[in-house]
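Asker: Return a 3D structure for these sequence lines:
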Amino acid sequence: MTGEQGKDNRFGVIAVEMNFVDQEKVDKALVVQSRIFEKTRVKMPIGEILTEMGAISVAERDEILKTQREIDGNPKPGQTPSPPPKKSQPARSAKKEGNALDISVSKDKLTASAYIDGKVPVTEFDVNDVKIMLHAEGILHGIADDARIKAFLNGDTSAGERWTIATGTDPIPDTPPQITYHFDTDPLKIGTLTEEGLMDWKERGQLPQVKEGDLLAEKIPGPKGKEGMDIYGKKIPVPKVREQRFKCGKGARRSEDGMRVHATLSGIPKLSVAGDISVMPTLHIQGDISLATGHVTFDGHIEVTGAVEKGYRVKGGSLRANEIHDAQIDIDGDITAMNGIFGATIRAGGNLKAGHIHNTDIILAGDMAVEKEIIESKIEANGRCLINDGIIISSTISARMGITAMDIGTKASKSSEMIVGIDQQLEREAEAIKSETQAIKLARENLPKLLENLKKRSDQVNTRLGEVAQEQDKCMVQHRRLQEKVEAGLLKQGDAAAEKLQMTITELKAKQDAYDHDVAQLMEEDESIVQEIAATETAITESATKIQELNTRLETITDTQKTNHGVAMVKIGGNVFSGTKITGPHSSMVLQEDLKRLSMVETDKPDHDGLKRWRFELTPFR
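Answerer: Got it, this is the predicted structure:
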């Protein structure tokens with residue numbers, strides 16, 4: 001009899017003597033203990049089994065254990081009985097040796113499944129035995145009820161399959177706070193349609209104004225989440241939700257708790273395409289931007305009552321003018337030119353609204369709305385291009401979120417190209433990154449060989465330096481010995497030997513000076529090589545780091561392109577003429593005939609022949 005068996009027997013004897021349980025139940029518990037060990041190789045204490053059977057209470061079990069320790073002469077006041085052993089492995093296969101039941105736990109510890117390796121119904125063990133086995137494994141929470149376990153053992157449920165016998169409770173994350181903006185984030189209402197489906201151009205929109213200290217935005221907290229619990233009874237904390245953080249630009253300040261944003265100056269509040277909140281001061285220009293004003297650079301909103309004249313540059317936060325003529329415009333936010341844009345070059349980080357656009361190059365981060373016409377222009381917009389009541393003539397327009405126009409082309413005009421669903425700016429950035437990466441790789445290819453050659457040169461120089469140093473030492477030794485003879489007066493003045501000795505000393509001195517010069521040159525050369533080696537090693541390291549940074553940026557762009565899909569659609573309310581080219585992310589088409597009132601949408605749905613391929617599908621305009 002082992003020590004553990006002896007303890008279990010003594011526990012049973014004490015339990016009977018203390019009238020907590022009768023001998024029959026103790027005997028049954030010992031049988032259950034033996035059966036569990038045979039099937040699971042887990043030695044479960046007899047006290048735990050009697051407790052699980054409901055024969056004794058936890059308090060009675062603890063009192064029996066206390067008495068047993070006193071009898072064994074090893075009292076441990078205050079010590080609590082060890083809980084059922086838990087398996088610490090998060091994803092283990094609890095395959096039992098030589099038994100008919102297999103229990104395994106998922107990696108997240110939220111489910112336990114059981115499999116009966118044998119015939120059903122099972123007669124070797126019952127529901128109580130299964131629950132004791134689970135408890136022996138430390139599985140305490142989410143166990144199926146007795147009726148379901150019995151149905152499983154009888155083969156009425158999941159016969160021959162794994163069956164979920166215990167299920168934990170998933171944690172519920174906090175609901176992200178709702179963001180409320182206390183100003184109009186789209187004051188120009190670009191892209192707003194009337195009930196008749198037409199653009200309302202009469203209302204120019206009023207720019208909002210705020211004062212210093214005004215509340216610009218706030219987060220309203222959502223309901224709190226709840227903790228979960230795994231099958232071992234261990235609490236699972238509420239998952240951390242990545243909360244959107246207010247990004248503040250000039251003129252805006254985030255509160256200490258990060259829940260509110262206030263204005264730090266008076267001006268026009270702005271929410272950028274990237275989500276930055278800022279307040280821009282306003283520069284009012286009465287009349288035109290011309291010779292009287294010169295080029296204009298202002299870190300805020302620029303309000304021009306007249307036009308931006310030909311040849312002038314404007315750089316600022318946002319711009320509103322009547323017209324823009326052949327000017328260079330670089331604006332971080334929105335641009336409005338209700339009387340039109342002519343021959344300009346424009347870059348804008350927000351939306352653009354204009355009466356008409358002629359012969360203009362535009363790169364735009366947001367939406368574009370035009371009242372009358374776009375003629376001979378090249379435009380890239382990351383949002384929509386809306387010209388609901390107007391016409392596009394001889395232009396190339398790229399709009400990631402789609403194009404809506406009344407007409408495209410005329411009988412006599414050059415054909416236009418509409419590019420939709422593609423982020424041209426990201427595509428261009430990706431190509432630039434690829435080109436830069438390739439250039440760095442080409443430059444880097446020669447660096448290891450250069451480094452090797454430099455190290456060889458350094459070795460050669462140091463070898464030569466050692467040789468010269470040896471010759472220099474020999475020369476110095478000879479010179480010193482001869483000089484000692486002269487100083488000792490061993491040779492008479494005017495003697496032929498003395499003259500010869502003096503000549504030798506002179507020659508040695510000249511040779512020593514030459515060696516000194518060679519050493520200085522070699523050391524200088526070696527220092528230069530050492531610096532070249534250090535610079536080359538730095539270039540190798542920096543190029544590797546730069547390539548890694550570029551690859552990371554390229555991966556980010558690729559992920560953005562995969563997840564941030566555009567809208568590959570062109571909608572025509574009037575006429576579109578033959579020769580118009582439509583290009584999407586996966587396909588393109590050139591219209592072979594004039595068409596009216598239709599939508600062109602890129603799709604890969606099966607065609608009339610059942611073939612699944614990318615193409616533009618033509619449907620009636622709606």
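
Asker: Could you check how far the closest residue to Met44 other than its chain neighbours is from Thr123?
Answerer: For Met44, ignoring the flanking residues on the chain, the nearest one in space by C-beta to C-beta, 6 or more residues apart in numbering is Ala136 at 4.9 Å. Quick note: C-beta positions are derived from backbone N, CA and C, even for glycine. According to C-beta to C-beta, to the nearest Å, Ala136 stands 21 Å off from Thr123.

Asker: Between these two, tell me which one has more neighbours.
Answerer: In this view Ala136 and Thr123 are compared by other C-beta atoms under 10 Å, and Ala136 has more residues nearby, 23 against 10.

Asker: for the spatially closest residue to His586 that is not a sequence neighbour, phi and psi?
Answerer: Nearest non-adjacent residue to His586, counting by C-beta to C-beta, 6+ apart: Trp614, 3.7 Å away. When read as degrees, to the nearest 10, the backbone of Trp614 gives phi -80, psi 130.

Asker: What's the first helix or strand after the top helix by length along the chain?
Answerer: Determined from DSSP state H, the single longest helix within the chain is helix 496-563. Later in the chain than helix 496-563, the nearest helix or strand by DSSP states H and E is strand 569-576.

Asker: Partner strands of that next one, with direction?
Answerer: Here strand 569-576 is paired, per DSSP bridges, with strand 403-408 (parallel), strand 595-603 (antiparallel).

Asker: Give me whichever of these is most buried.
Answerer: Among the strands paired with strand 569-576, ranked by average contacts under mean count of other C-beta atoms under 10 Å, first place goes to strand 403-408 (a mean of 24).

Asker: Helices along this structure, start to end?
Answerer: Along the chain, counting by DSSP H, helices occupy 3-17, 23-40, 46-53, 58-71, 127-136, 146-153, 424-445, 447-488, 496-563.

Asker: Using a markdown table, please lay out these together with distance to Ala348 and mean pLDDT.
Answerer: Shown next, in a markdown table, are the helices of the chain (distance: least, C-beta to C-beta, whole Å; pLDDT from 0 to 100):
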| stretch | distance to Ala348 | mean pLDDT |
| --- | --- | --- |
| helix 3-17 | 80 | 74 |
| helix 23-40 | 71 | 78 |
| helix 46-53 | 73 | 84 |
| helix 58-71 | 73 | 83 |
| helix 127-136 | 65 | 82 |
| helix 146-153 | 64 | 89 |
| helix 424-445 | 12 | 87 |
| helix 447-488 | 42 | 81 |
| helix 496-563 | 20 | 83 |
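
Asker: okay if I get those helices as TSV plus distance to Met569?
Answerer: Listed next are the helices of the chain as TSV, based on distance: least, C-beta to C-beta, whole Å:
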stretch	distance to Met569
helix 3-17	75
helix 23-40	63
helix 46-53	65
helix 58-71	69
helix 127-136	57
helix 146-153	52
helix 424-445	16
helix 447-488	49
helix 496-563	18
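
Asker: Count residues in the vicinity of Glu445, would you?
Answerer: Glu445: 10 neighbours (other C-beta under 10 Å).

Asker: dump the residue contacts of the residue nearest to His586.
Answerer: Contacts for Trp614 (C-beta atoms under 8 Å, 6 or more residues apart in numbering) come out as Gly584, His586, Ser587, Glu602, Thr603, Asp604.

Asker: how much space between it and Phe183?
Answerer: As judged by C-beta to C-beta, Trp614 and Phe183 stand 42 Å apart.

Asker: Over to Asp407?
Answerer: 37 Å.

Asker: What of Glu303?
Answerer: Per C-beta to C-beta, Glu303 is found 17 Å from Phe183.

Asker: Between these two, which has more neighbouring residues?
Answerer: Phe183 (20 against 17).

Asker: Quick check: the spatially closest residue to that one that is not a sequence neighbour vs Ala217, distance?
Answerer: Among residues not flanking Phe183 along the chain, Pro269 sits closest, at 4.2 Å (C-beta to C-beta, 6+ apart). To Ala217, Pro269 is 9 Å away according to C-beta to C-beta.

Asker: Overlap of the contact sets of these two?
Answerer: Residues touching both Pro269 and Ala217 by C-beta under 8 Å, 6+ apart: Ile277.

Asker: Centre of the chain to stretch 175-189, how far?
Answerer: Stretch 175-189 sits 25 Å away from the centroid of its parent chain (C-alpha atoms, centre = their mean, to the nearest Å).

Asker: If you count contacts, what does the longest helix of the chain end up packed against?
Answerer: For helix 496-563, the packing partners by 3 or more C-beta pairs under 8 Å, 6 or more residues apart in numbering; DSSP states H and E come out as helix 424-445, helix 447-488.

Asker: and the first one, which residues are buried?
Answerer: Okay, so that is helix 424-445. By 16 or more other C-beta atoms under 10 Å, the buried positions in helix 424-445 come out as Gln424, Gln425, Leu426, Ala430, Ile433, Thr437, Ile440, Arg444.

Asker: Enumerate every residue touching His262.
Answerer: His262 makes contacts with Gly213, Asp214, Leu215, Leu216, Ala252, Arg253, Ser255, as judged by C-beta under 8 Å, 6+ apart.

Asker: Pro269 and Ala217: which is more packed in?
Answerer: Set side by side, Pro269 and Ala217 show more neighbours around Pro269, with 25 against 21, by other C-beta under 10 Å.

Asker: how far away is that one from Ile285?
Answerer: Where Ile285 is concerned, Pro269 sits at a distance of 21 Å (C-beta to C-beta).

Asker: what's the answer for Gln33, then?
Answerer: Distance from Gln33 to Ile285, counting by C-beta to C-beta: 93 Å.

Asker: Likewise for Ala144?
Answerer: Ala144 sits 76 Å away from Ile285, taking C-beta to C-beta as the criterion.

Asker: higher neighbour count, those two?
Answerer: Neighbour count, other C-beta under 10 Å: between Ala144 and Ile285, Ala144 has more, with 22 against 19.

Asker: quick one: that one and Thr506, what's the gap?
Answerer: Where Thr506 is concerned, Ala144 sits at a distance of 110 Å (C-beta to C-beta).

Asker: Check Gln470 too.
Answerer: With C-beta to C-beta as the criterion, Gln470 and Thr506 are 22 Å apart.

Asker: Same check on Asp516?
Answerer: With distances taken as C-beta to C-beta, Asp516 is found 16 Å from Thr506.
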